[in-house]
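Sharing a sequence plus its predicted fold:
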Protein chains: 2
Amino acid sequence: MATLKDVAKETGLTVSTVSRVLNNRGYISEETRKNVYLAMETLNYHPNELARSLSKKSTFTIGVIVPHIRHPYFAELISNLENEAYLRKYKILLFNSQDKNEREKEYLEMCNRNRVSGIIICSGNIEMTEFKGLNVPLITIERYLENGTAMVECDNYQGGKIAARHLIERGCRHLIHFSGVRETAMPADKRATGFEEVCMENKVSHTEIVTSANQYHALEYHDFIEKVLKEYPKTDGIFASSDLIAAQLIQVCSKLKIAIPNQMKIVGFDDVNVASLTTPRITTIRQPIKEMARVAIELMISASEGNITPSQTVLPVTLVERETT
Amino acid sequence: MATLKDVAKETGLTVSTVSRVLNNRGYISEETRKNVYLAMETLNYHPNELARSLSKKSTFTIGVIVPHIRHPYFAELISNLENEAYLRKYKILLFNSQDKNEREKEYLEMCNRNRVSGIIICSGNIEMTEFKGLNVPLITIERYLENGTAMVECDNYQGGKIAARHLIERGCRHLIHFSGVRETAMPADKRATGFEEVCMENKVSHTEIVTSANQYHALEYHDFIEKVLKEYPKTDGIFASSDLIAAQLIQVCSKLKIAIPNQMKIVGFDDVNVASLTTPRITTIRQPIKEMARVAIELMISASEGNITPSQTVLPVTLVERETT
């Protein structure tokens, strides 16, 4: 592979002049610049970013650790994180922790050893002690972390309230909330609080059904949903903590001949592509995923430049009415 | 940040002994090893992989370039690629080209400058000339590339045949195939060939409807599907080139009061999670995505070690019967 020296030789310039062209430093005539780029192309020279990173102390790389890539919420989030990073000339090292503590630790160590500029983490099993010695910003999305730099979340509490109000306005009186995994405390838990408060204010019966980590990782809830619906036959409205659960609710209702929205109304959460792909389409609480990704990337970069950044940023959710209510 | 020298000082060992422990080279007593690791923890020392990569000439990093992260097929593929890489101690730099030529070029240059060990690309607009000077293996998945190292694809041709046979066996006589984008030649084009051949053998009428890149990137086909179904009112069987199109076909049929599977039978392609989340669930041609990811990673690593690797690997597809046929 060609080196900087080869480029210097080819152009008859000194190594330091070529280096100045590459780093855009000092005065360089247009002719010199052109000659250097021409020689780079001829010799097929590509600057070594690793070497540059070592001397500059910045790799322009962001470690992104998610628990689940296939889940439509994370696929959407990763897509937006990559784009926001690209727009700022950063790149993404992607890690799938499967919410396994061991893997999270390994990935953090990998991030450390590869001198990433910062870490964005949406995986929630790491204990605070594991983070000793991370010298880079650590941004969490929808996860708590005692010694993280900043946390980005959507307004989960309002989301729960909006869902309850909407179902009650539509005439539902026996509500169920299929909530997320409750093994680790998460911002999403506040959906249940908001939901419950509105139900109590309106004296509407409500039950929280907690789902499991196994279901979350297998993306599979059918049998569980069927059991619950048979156990609570009066149910006429359901708030599902993801559009993925809502899609499976539609399937189970179809199997049990429960008409949607006439006999059963459903509100999902996230507004990822699956919400628009079911029949009927899912009424849902929209997380502003694009904006959450933008804020996370901006916070990470700003913190890595030594700025003081907000430790918590909450972005608003909205109701998207479709055919399940 | 602590350095190797600090670890040596703390343990009273020489830098070269500490280095031997870290690189697992030569004889080291268990006691010395323990002392070094203890000192590393105390001093919070993390080896600098960038520096090691520079001297070892391998970064154990794979550049993965896809056209679309949110699309359920690529979300599934990325998830499997990350896992297969992790199992072999490699990491993934993820790039979303949006099938834009400019972005593909930039990403390739980024891969080059960051000295990735290899590139896996599923994005198809790059001209052969762009690749001049890539010194690392270049593996394509479901894309052609004249000077790639190796190509991995599923048996698209058989997939088309299986879909046609299944629809005809189920009694369909007026078939439509919603095929993929035809702006660039892709292995997926062979689905249409296989489908057409079986229709002709069986003297069954068939029409190929080509979809556009805009639809593909927006994941939005509803209006287009409705127009086509009205234009071909006799249609009783459809082969969709993705489960995503099949899900939208179900929605449009529901809107037009066409009963599935009684009046209309549908076969999708991919078998990604959306195929199991619709009502009714989608009969589909299953791509062995996990195996394709494993083969791609293995080929990349093997080629990077200087081995001769197969230039084309085709993996078999299977019919998964569900409720749309």
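It's in. Just so you know, these numbers come straight off a predicted model, no measurement behind them. Numbers count the residues shown, from 1 in each chain, chains lettered A, B, ... in the order given.

end to end, how far does stretch A:271-278 reach?
With C-alpha to C-alpha, to the nearest Å as the measure, the ends of stretch A:271-278 fall 12 Å from one another.

Tell me the predicted confidence for the nearest residue to A:Arg113 once chain neighbours are set aside.
Of all residues not flanking A:Arg113 in the chain, B:Glu49 sits nearest, at 4.1 Å (C-beta to C-beta, 6 or more residues apart in numbering or on different chains). (Each C-beta comes from the backbone N, C-alpha and C, glycine too.) B:Glu49 carries a pLDDT score of 80 in this model.

for B:Glu49, what are its contacts?
B:Glu49 makes contact with A:110, A:113-115, B:59, according to C-beta atoms under 8 Å, 6 or more residues apart in numbering or on different chains.

Please report phi then psi for it.
With angles defined as degrees, to the nearest 10, B:Glu49 sits at phi -70, psi -30.

Walk me through the domains of chain A.
Following automatic domain parsing, one gets these domains for chain A: A:4-47, A:59-154+A:290-317, A:156-287.

So which residues of chain A form strands?
Remark: strands of chain A, listed N- to C-terminal, are A:61-66, A:91-96, A:118-121, A:138-141, A:150-154, A:174-179, A:205-210, A:237-240, A:265-270, A:283-286, A:312-315, A:318-320; assignment by DSSP state E.

from the chain's centre, how far out does the fourth one sit?
When C-alpha coordinates are averaged (C-alpha atoms, centre = their mean, to the nearest Å), strand A:138-141 and its chain have centres 9 Å apart.

And the second one, by the same measure?
For strand A:91-96, the distance between its averaged C-alpha position and the chain's averaged C-alpha position is 12 Å (C-alpha atoms, centre = their mean).

ditto for the third one
On the basis of C-alpha atoms, centre = their mean, strand A:118-121 is displaced by 11 Å from the centre of the chain it belongs to.

so A:Leu229 makes contact with A:Asp236?
No. The pair A:Leu229 and A:Asp236 fails to qualify as a contact (C-beta atoms under 8 Å) at a distance of 11.2 Å.

what's the spacing between A:Thr141 and chain B?
For residue A:141 the amino acid is Ile, not Thr. Counting by C-beta to the nearest C-beta, to the nearest Å, the gap from A:Ile141 to chain B is 16 Å.

cool, A:Ile301 as well?
If you measure A:Ile301 against chain B using C-beta to the nearest C-beta, the figure is 17 Å.

check contacts around that residue.
Applying C-beta under 8 Å, 6+ apart, we find A:Ile301 in contact with A:88, A:90, A:117-118.

picking up where we left off before, would JSON lines of the strands of chain A with mean pLDDT be doable?
Listed next are the strands of chain A as JSON lines, based on pLDDT from 0 to 100:
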{"stretch": "strand A:61-66", "mean pLDDT": "96"}
{"stretch": "strand A:91-96", "mean pLDDT": "96"}
{"stretch": "strand A:118-121", "mean pLDDT": "94"}
{"stretch": "strand A:138-141", "mean pLDDT": "93"}
{"stretch": "strand A:150-154", "mean pLDDT": "94"}
{"stretch": "strand A:174-179", "mean pLDDT": "96"}
{"stretch": "strand A:205-210", "mean pLDDT": "95"}
{"stretch": "strand A:237-240", "mean pLDDT": "98"}
{"stretch": "strand A:265-270", "mean pLDDT": "98"}
{"stretch": "strand A:283-286", "mean pLDDT": "98"}
{"stretch": "strand A:312-315", "mean pLDDT": "95"}
{"stretch": "strand A:318-320", "mean pLDDT": "98"}
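
Dump these into a markdown table; add distance to B:Thr11 and mean neighbour count as well.
Below are these laid out as a markdown table (distance: least, C-beta to C-beta, whole Å; neighbours: other C-beta atoms under 10 Å in any protein chain shown):
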| stretch | distance to B:Thr11 | mean neighbour count |
| --- | --- | --- |
| strand A:61-66 | 30 | 26 |
| strand A:91-96 | 31 | 24 |
| strand A:118-121 | 29 | 26 |
| strand A:138-141 | 30 | 25 |
| strand A:150-154 | 37 | 24 |
| strand A:174-179 | 51 | 23 |
| strand A:205-210 | 49 | 16 |
| strand A:237-240 | 56 | 30 |
| strand A:265-270 | 51 | 29 |
| strand A:283-286 | 56 | 26 |
| strand A:312-315 | 42 | 16 |
| strand A:318-320 | 58 | 16 |
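
Any chance of CSV for the domains of chain A, columns distance to B:Asn101?
Rendered in CSV, the data for those read as follows (distance: least, C-beta to C-beta, whole Å):
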stretch, distance to B:Asn101
domain A:4-47, 18
domain A:59-154+A:290-317, 15
domain A:156-287, 25
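
Of these, which is nearest B:Ile245?
In this view, these are compared for proximity to B:Ile245 by C-beta to C-beta, and domain A:156-287 is the closest at 10.2 Å.

So what's the gap between the closest one and the chain middle?
Counting by C-alpha atoms, centre = their mean, domain A:156-287 comes out at 21 Å from the chain centroid.

That one and chain B in contact?
Yes. Figure legend: domain A:156-287 in contact with chain B (C-beta under 8 Å from any C-beta of the partner chain); contacting residues A:219, A:244, A:247-248, A:250-251, A:254, A:273-274, A:277-281.

how many other residues sit next to the spatially closest residue to A:Leu81 that is not a sequence neighbour?
For A:Leu81, ignoring the flanking residues on the chain, the nearest one in space by C-beta to C-beta, 6+ apart is A:Ala293 at 4.6 Å. Under the neighbour criterion other C-beta atoms under 10 Å in any protein chain shown, A:Ala293 is assigned a count of 24.

A:Ala293 contacts A:Phe74, doesn't it?
No. At 11.2 Å, A:Ala293 does not count as touching A:Phe74 under the criterion of C-beta under 8 Å.

mind checking pLDDT for the closest residue to A:Thr3 other than its chain neighbours?
Distances taken as C-beta to C-beta, 6+ apart put A:Tyr45 closest to A:Thr3, at 7.2 Å, once the chain neighbours are dropped. The model reports A:Tyr45 with a pLDDT of 84.

and stretch A:256-274, how far apart are its ends?
By C-alpha to C-alpha, the extent of stretch A:256-274 from end to end equals 22 Å.

no wait, stretch A:119-135
Length of stretch A:119-135, first residue to last, C-alpha to C-alpha: 10 Å.

what's the distance between the nearest residue to A:Thr324 once chain neighbours are set aside and chain B?
The shortest distance from A:Thr324 to any residue other than its chain neighbours is 4.1 Å, reached at A:Ile266 (C-beta to C-beta, 6+ apart). From A:Ile266 over to chain B the distance is 12 Å, taken as C-beta to the nearest C-beta.

Thank you, goodbye.
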